[in-house]
Every structure is written in structure tokens, then in C-alpha cells.
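Enquirer: model this:
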Amino acid sequence: MTAVPGDTDPAAPAETPRGRPRKAPGAFRTISEVADDLHIPQHVLRFWETKFPQVKPLKRGGGRRYYRPDDIVLLRRISDLLYSQGYTIKGVQRLLREGGGRLGDDIPPPAAEERADADEAVQAQLPMPGLTPGITPPPREARARSGVADSRAMLAALRQALEELQALRALLP
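Expert: Purely as a prediction, here's the structure:
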């Protein structure tokens, strides 16, 4: 049988959104591929390498990082604990120590105190309403007068949106 231009071979690997052939499940991934897959900036992945010694990508000439499938599974779990469940970096480090370098699927939600610490960290990173990114925020007194209530309302709205998105994700096949 002769291939006709435009026909697709079902045995051929599918292409990624960027037009590259999809890699095998056991293949190593570059930092850009992992960042795209996990929706996390590359600099955050490099930062996590300093905070979580269990994440050890293979480094080749020129410092290029290649992540093993096990590294990607661990990074995905770290991301979930930090961004979805509300753990702090110290909390995830503790879980890794207690789990012998592994993160199980049966980890309970963080304690209220840890959740509050994570909320404070998120709140410190949220931009104040009406400010342009990159512009120095007003003095502490002005923030105390105008931004605290707005930031708390924004944080509550973000939490509600996250819960709705998680409920929608649960409905997907």
C-alpha cells in the first residue's frame, strides 16, 4: 500500500501542539517540555531542584537538564501539593523526609496552621488591585488602609474558582 500525502499512519506517534513528534512514555524530557506539561515556569522547576534534593535531572553538556519519568511524577505531585492542596515548601519537604523521599497518594490535607502559612505566602505574592505589575507598591500604611480587604476578597474568589475548576476536572473522562 502506498502512502498518500495527507494520510496519517495510525502507528506513527502523534504530534505535540508545537508540531514535534510525541515522545515515548519512558523518554527523558527537557526542562521546557516539563514546564509546558506541568504549566509551571522553568525558573520554578530550577528553584524546586534547590529545595527538593529528590528532584535530580540528568545534566548534559552546557547544563541542559533532562528529566527522567520518575522526576516528572515527583514534580507533578509537588505541584499538586503546593498549588492545589495548600502545602508550603517546608511542608512538602517534611512529607518527603517522612516518606523516605517519596510522596504517596494518600497524603491528608495540610493542617490549618500550615494552610494559613501558605495563604499568607500567596497573599504576599498577589498584586494589589489597581497596581500595574513592576511598579513599586505604596508604603505599608497605604496598603494597610486600602489593600488588605481587597486582597482577602481576591484570595477567597481565587479559592472558589479553584474549587470549581477541580470539580469540573473530576467530571472529565
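Enquirer: Can you tell me the closest non-neighbouring residue to Arg64?
Expert: In space, and not counting its chain neighbours, Arg64 is closest to Thr30: 6.9 Å by Cβ to Cβ, 6 or more residues apart in numbering. Every residue, glycine included, has its C-beta placed from N, CA and C.
Enquirer: how deep is that neighbour tucked in, by neighbour count?
Expert: Taking other Cβ atoms under 10 Å as the neighbour definition, Thr30 ends up with a count of 15.
Enquirer: can you check the one 4 residues further on too?
Expert: Val34: 21 surrounding residues under other Cβ under 10 Å.
Enquirer: That one and Leu171, how far apart?
Expert: Plainly put, Val34 is 27 Å away from Leu171 if you go by Cβ to Cβ, to the nearest Å.
Enquirer: go on, Arg77?
Expert: Using Cβ to Cβ, one gets 22 Å for the distance from Arg77 to Leu171.
Enquirer: quick one: Glu33 and Trp48, what's the gap?
Expert: On the measure of Cβ to Cβ, Glu33 and Trp48 end up 16 Å apart.
Enquirer: would you list every one of the strands in the protein?
Expert: For the chain, strands defined by DSSP state E occupy the ranges 29-30, 58-59, 65-67.
Enquirer: Arg77 and Leu171: which is more packed in?
Expert: Taking neighbours as other Cβ under 10 Å, Arg77 and Leu171 compare with Arg77 leading, 18 against 6.
Enquirer: Quick check: the more buried one touching Gly101?
Expert: No. At 11.9 Å, Arg77 and Gly101 do not qualify as touching, with contact defined as Cβ atoms under 8 Å.
Enquirer: All set, thanks.
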